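Asks: turn this into a model:
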Amino acid sequence: MDSRIILIGLAVLLLLSGCTSEKREYVSTPAGEVQDFGAEPEVFELKIGEILANAQKLDNQYVSTRGTVEETVSTQSYTYARIKDDTGEVWVAGPRTDLKTGEEVEIYGALVLLGFESPSLNKTLDVILMVQSFASGEPYSFHGTTSAAPPVNISVEKLEDGYTIAEILSRSEELAGKEVKFRAVVTKVLPNILDKTWIHLQDGTVANATGENELTVTYTGSEEFKVGDVVIVSGVLKTNVDIGSGYFFKVLIDGAKIEKEGS
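Replies: Modelled structure (predicted):
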């Protein structure tokens, strides 16, 4: 795979892993029923000049803006766009999109990154905005398949022949290289990143040693999952997984088998 695509893919993964586009809370009962207490997202828009002037404070934060496309550079899967308003200009990167020079785009929920090295542009950008989607014309509702805040009040029963997430996290070194199985609730779904779907899971338990309560797995099957699904997960546990460009997972199940509860 082209190293440029990997670099942008990892940056988009970082964006999606912390996306704050939609505020939603879920309550899952032991039987697996999920109640949705959704709320509309709050979107705050800044001028490009305001983003640039406050870049240090906004590093790894989410902003919204709009501007006119001045230039584009596309790779196989991703597009860079230099956009401009009456206060300044900034580069934006996201999934490959057919953008035209002079077109106005509205950017929602963009992650601000500083000192971004871009092989595609052959330069290091002081500031770049990473987006899940470009939007143009009418205002765009940045919802997608992730939730801003993780579900709360999750409680699912432990499998008789399985583990809790807390047990997996607390005993990760002991379980490394072994197959683990557990029941959990989907808290975030990140599709089509590096040819995989990245799924975040919780079961209501918390690892005493670290305070962690969420486990990440990757999935390459055809089943579609959404936030709030109760699932049975199995796969070989990996520890200290470095996927490059500084992205590191202390615990990861790569290529997990996932079944919706009751299916």
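
Asks: can we go C-alpha only for contacts and neighbour counts from here?
Replies: Fine.

Asks: buried residues of stretch 227-244, list them for me.
Replies: For stretch 227-244, the neighbour count (16 or more other CA atoms under 10 Å) marks 227-239 as buried.

Asks: which single one of the residues you listed is nearest to residue 89?
Replies: Lowest distance from residue 89 to these (CA to CA) belongs to residue 227, with 35.6 Å.

Asks: tell me the secondary structure at the closest one.
Replies: Using DSSP: H, G, I helix; E, B strand; the rest coil, the structure places residue 227 in coil.

Asks: can you check residue 71 too?
Replies: Quick answer, by three-state DSSP: residue 71 is strand.

Asks: for beta bridges, what are the partners of it?
Replies: When bridges are called by DSSP bridges, residue 71 pairs up with residue 82.

Asks: roughly how far apart are it and residue 215?
Replies: Distance of residue 71 to residue 215, given as CA to CA, to the nearest Å: 40 Å.

Asks: tell me which of the two has more neighbours.
Replies: Set residue 71 next to residue 215 and count neighbours by other CA atoms under 10 Å: residue 215 wins out with 22 against 15.

Asks: what residues are up against the more buried one?
Replies: For residue 215, the contact set (CA atoms under 8 Å, 6 or more residues apart in numbering) comprises 165, 169, 200, 201, 202, 251, 252.

Asks: which of these fall in strands?
Replies: Here DSSP state E is the test, and those give 200, 201, 202, 251, 252 as lying in strands.

Asks: measure the residue nearest to residue 95 when sequence neighbours are not counted to residue 127 for me?
Replies: Closest residue in space to residue 95, ignoring its immediate chain neighbours: residue 78 at 4.4 Å, by CA to CA, 6 or more residues apart in numbering. Distance, residue 78 to residue 127, using CA to CA: 18 Å.

Asks: swap in residue 239?
Replies: 32 Å.

Asks: hey, where'd the helices end up in the protein?
Replies: Listed in chain order, the helices found in the chain under DSSP state H are 3-17, 48-53, 55-58, 165-170, 172-175.

Asks: would you single out the least confident of these?
Replies: Across these, helix 3-17 has the smallest mean pLDDT, namely a mean of 51.

Asks: quick check: domain ranges of the protein?
Replies: Following the assignment in automatic domain parsing, the chain carries domains at 48-136, 147-260.

Asks: all strands in the chain, in order from the N-terminus.
Replies: Secondary structure of the chain (DSSP E): strands at 24-28, 34-38, 62-74, 78-85, 88-95, 104-118, 123-130, 135-136, 179-193, 196-202, 215-219, 230-244, 247-253, 257-260.

Asks: Throw the ones you listed into TSV and include distance to residue 54 and mean pLDDT, thanks.
Replies: Putting the strands of the chain into TSV (distance: least, CA to CA, whole Å; pLDDT from 0 to 100) gives the following:
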stretch	distance to residue 54	mean pLDDT
strand 24-28	29	34
strand 34-38	31	34
strand 62-74	11	91
strand 78-85	16	91
strand 88-95	13	90
strand 104-118	11	84
strand 123-130	11	90
strand 135-136	24	56
strand 179-193	29	87
strand 196-202	31	89
strand 215-219	32	93
strand 230-244	29	89
strand 247-253	26	85
strand 257-260	43	96
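
Asks: as a markdown table, the ones you listed with distance to residue 45 would be great.
Replies: Putting the strands of the chain into a markdown table (distance: least, CA to CA, whole Å) gives the following:
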| stretch | distance to residue 45 |
| --- | --- |
| strand 24-28 | 21 |
| strand 34-38 | 22 |
| strand 62-74 | 4 |
| strand 78-85 | 13 |
| strand 88-95 | 15 |
| strand 104-118 | 8 |
| strand 123-130 | 13 |
| strand 135-136 | 14 |
| strand 179-193 | 24 |
| strand 196-202 | 28 |
| strand 215-219 | 31 |
| strand 230-244 | 32 |
| strand 247-253 | 29 |
| strand 257-260 | 38 |
